[in-house]
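Participant: Build me a structure from this.
(chains A and B)
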2 protein chains.
Amino acid sequence: MPTDSLRVLQYGLGPIGQAAARTVLEKEPLTLVGAVDIDPAKAGRDVADLVDGEAASTGVHVSDEAESALADGAPDVVLHTTTSFLEGVTDQLVQCARAGAHVVSSTEELSFPFRRSPDRAERLDRVAREEGVTVVGTGVNPGYAMDVVPLMATSGCTDVRAVHVERVVDAGERRDPLQAKVGAGLSPQAFEDKKAGGGFGHIGLRESLHMMADGLGWSLGGVEEELRPVRADAPVDTGYRRVEPGAVAGIHHTAEGRVDGESRLTLDLKMFVGADASYDAVTVDGVPPIDLRFQGGIFGDTATVGMLVNMAPRVADAPPGLHTMADLPVPRAFATSPAADA
Amino acid sequence: MPTDSLRVLQYGLGPIGQAAARTVLEKEPLTLVGAVDIDPAKAGRDVADLVDGEAASTGVHVSDEAESALADGAPDVVLHTTTSFLEGVTDQLVQCARAGAHVVSSTEELSFPFRRSPDRAERLDRVAREEGVTVVGTGVNPGYAMDVVPLMATSGCTDVRAVHVERVVDAGERRDPLQAKVGAGLSPQAFEDKKAGGGFGHIGLRESLHMMADGLGWSLGGVEEELRPVRADAPVDTGYRRVEPGAVAGIHHTAEGRVDGESRLTLDLKMFVGADASYDAVTVDGVPPIDLRFQGGIFGDTATVGMLVNMAPRVADAPPGLHTMADLPVPRAFATSPAADA
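Facilitator: You can find the predicted model right below:
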């Protein structure tokens, strides 16, 4: 167990980054030593102004200049929450590693970059090894619910023929940006237009599929992804927005991995307003069969922050390099109430 | 991913060891290179005679002499399934490590030996490091259902106040030795006598509790264990044995860990004939709350074998030393049907 204090820099202060910074401030073994965001409305302000916590002042001011913030803060770990795509963030991650910091990032494409971005993955791994630091992409999905949990569900199987993962998220319980992100309130035509424009739908299904296939040692012959709208069959008012019957309530995004032409891995994700209940389910067609369910689901707004912060001590203890959640020791919560008492 | 062939020696050929040997024979990347059992009825026989599989002959004969079997077989990994208690097996494990083999053992007390047997743990860790091999204790329980799974369930929590784990096993679906082990058919008085004699009840609850506490960084102030009978309220006929109403149907074994006087970790295990259904459930009193359930449970006879065999490539890839399942990368199935196709 790492018991020493860890110096943490928060890179990116959107909603998830702000919540991560607040959690870092609350956890006694963690010390917030820096914060970075390029938003001019945030730069220069005390982090306490941005996070919804008890601290009147943290003494840590938001910098819009990562290099000097990294040099001044000398963090052990950077919690990185800027965008979903590797293209935009590889340089940011390299900069953190060159500053000697381990990195835990919410960048979805970083969760398993070896298939879709082998060059960037190779660069990140090389830099991380040169600097003796660990880099990992994590979050609830990808990083846990639809990859690490199903892999873990197969642990006791002497054979596995197929794995089916289903995640239903009642977007009405989530913050408004997520409701917007899944298209709640769009007309069916606007949904199709948005889909045709690209960058719509959940980011990370393909990464989850590849992480599972790699973990099971399966060579996927084909991967098919499909994005459809979920239509509201009754009016839904989330408090943020109202969705009329027939309008789009959210997304139904699926990915399927085949081996030798047979469907072996399926990921089925529904995120929409008006869902009866959220849940996460894993069915393993194996010996023995496994039927695992998170009743009520894994609440993403909070749990993404939890995954990021809880991985801080794990990357600090891991061997250098670019890793996936499946390569690192079993994740678990860190510095919780009873630990703080003890 | 380890893709090379691994040489495996099966140490202990009771029911679990026999099933493990059969699974090793079935998995293409694994080669059975030796088998050890002290039972004179088994020594000298071809492993194919003992395992319920397709092979007419394996060419591997059971040896009652571990040292020569280890020297002759030169295994990469030993799957060790002899007894539950460290006292009886530490020398066996040391012998395997000295022969340069990684060890995956079903010895329950090995799953987290640091609290109850610190001297033996220190010796095993030292020898393993000296020899450059990895030693781990695993199984379904301890090693997964009541420790690794609940730890994993807390991964996304920004706070955890308590974790409750419940496992219900319908012993009527399991092999007869398990039904005998849980006391099915005993009179209530015979149950109490057996309990007073010691060594009765499930082995490993304390290890699971300590593994969870260690994983969460909680210092347990007290641990309480309780073993009670489950009484049959209707007649049960399992095919192996008949249990009359009022007689003992099995065990209800609980363990509780306290931090600062408050109950924070509870393990509740019922193994009895006549259970309505088997299941494994984890409730995390945390932020967010987690309610996880394996419907139908994790079938122990098969899954214990799965855990052992699936850990073979993981120990071969791990840093040297004595580890727990919580220190090693997320477990998952190995060399399953689609992988074999690929």
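Participant: Right, and chain B sits closest to which residue of the stretch 51-200 of chain A?
Facilitator: A:Gly156 (2.9 Å; C-beta to the nearest C-beta). Quick note: C-beta positions are derived from backbone N, CA and C, even for glycine.
Participant: Please work out which residues outside the helix or strand of chain A with the lowest mean pLDDT touch it.
Facilitator: Counting by mean pLDDT, DSSP states H and E, chain A has its least confident helix or strand at helix A:337-341, which shows a mean of 82. Helix A:337-341 is contacted from outside by A:27-28, B:159-162, B:216-219, B:259-260, B:262, B:264, using C-beta atoms under 8 Å, 6 or more residues apart in numbering or on different chains.
Participant: Let me have those in a markdown table, extended by neighbour count and distance to B:Arg231.
Facilitator: A markdown table is the format used below for these (neighbours: other C-beta atoms under 10 Å in any protein chain shown; distance: C-beta to C-beta, whole Å):
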| residue | neighbour count | distance to B:Arg231 |
| --- | --- | --- |
| A:Lys27 | 23 | 46 |
| A:Glu28 | 9 | 47 |
| B:Asp159 | 22 | 39 |
| B:Val160 | 27 | 35 |
| B:Arg161 | 16 | 33 |
| B:Ala162 | 18 | 29 |
| B:Leu216 | 26 | 35 |
| B:Gly217 | 20 | 39 |
| B:Trp218 | 24 | 34 |
| B:Ser219 | 13 | 37 |
| B:Val259 | 22 | 33 |
| B:Asp260 | 12 | 36 |
| B:Glu262 | 13 | 31 |
| B:Arg264 | 28 | 30 |
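Participant: got these as JSON lines, with pLDDT and distance to A:His323 columns?
Facilitator: Below are the contacts of helix A:337-341 laid out as JSON lines (pLDDT from 0 to 100; distance: C-beta to C-beta, whole Å):
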{"residue": "A:Lys27", "pLDDT": "96", "distance to A:His323": "22"}
{"residue": "A:Glu28", "pLDDT": "94", "distance to A:His323": "26"}
{"residue": "B:Asp159", "pLDDT": "97", "distance to A:His323": "26"}
{"residue": "B:Val160", "pLDDT": "98", "distance to A:His323": "24"}
{"residue": "B:Arg161", "pLDDT": "98", "distance to A:His323": "30"}
{"residue": "B:Ala162", "pLDDT": "98", "distance to A:His323": "31"}
{"residue": "B:Leu216", "pLDDT": "97", "distance to A:His323": "22"}
{"residue": "B:Gly217", "pLDDT": "96", "distance to A:His323": "22"}
{"residue": "B:Trp218", "pLDDT": "96", "distance to A:His323": "26"}
{"residue": "B:Ser219", "pLDDT": "95", "distance to A:His323": "29"}
{"residue": "B:Val259", "pLDDT": "95", "distance to A:His323": "31"}
{"residue": "B:Asp260", "pLDDT": "91", "distance to A:His323": "35"}
{"residue": "B:Glu262", "pLDDT": "95", "distance to A:His323": "36"}
{"residue": "B:Arg264", "pLDDT": "97", "distance to A:His323": "30"}
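Participant: Give me the buried positions along the helix ranked longest in chain A.
Facilitator: Assignment by DSSP state H gives helix A:300-317 as the longest helix of chain A. Using 16 or more other C-beta atoms under 10 Å in any protein chain shown as the test for burial, helix A:300-317 gives A:300-316.
Participant: How about stretch A:230-249?
Facilitator: A:Val230, A:Arg231, A:Ala232, A:Val236, A:Thr238, A:Tyr240, A:Val243, A:Ala247, A:Val248, A:Ala249.
Participant: Give me the distance between A:Val60 and A:Gly34.
Facilitator: 6 Å (C-beta to C-beta, to the nearest Å).
Participant: just A:Thr158 next, same as before
Facilitator: A:Thr158 is 49 Å from A:Gly34, by C-beta to C-beta.
Participant: And A:Gly215, by the same measure?
Facilitator: From A:Gly215 to A:Gly34 the distance is 34 Å (C-beta to C-beta).
Participant: same thing with A:Gln189?
Facilitator: Distance from A:Gln189 to A:Gly34, by C-beta to C-beta: 46 Å.
Participant: Compare neighbour counts for these two and give me the winner.
Facilitator: A:Gly34 (25 against 9; other C-beta atoms under 10 Å in any protein chain shown).
Participant: so what's that one up against?
Facilitator: A:Leu9, A:Gln10, A:Val60, A:Ser63, A:Ala69, A:Leu70, A:Asp72, A:Gly73, A:Pro75.
Participant: mind checking the SS state of it?
Facilitator: Judged by DSSP: H, G, I helix; E, B strand; the rest coil, the three-state class of A:Gly34 is strand.
Participant: And for A:Glu244, nearest residue in space, chain neighbours not counted?
Facilitator: A:Pro235 (5.7 Å; C-beta to C-beta, 6 or more residues apart in numbering or on different chains).
Participant: Hmm, A:Arg241 and the one you found touching each other?
Facilitator: No: with contact defined as C-beta atoms under 8 Å, A:Pro235 does not reach A:Arg241; the gap is 11.3 Å.
Participant: Spatially, what comes nearest to A:Tyr240 if we skip its sequence neighbours?
Facilitator: A:Asp176 (4.0 Å).
Participant: Count the residues that sit near the one you found.
Facilitator: 14.
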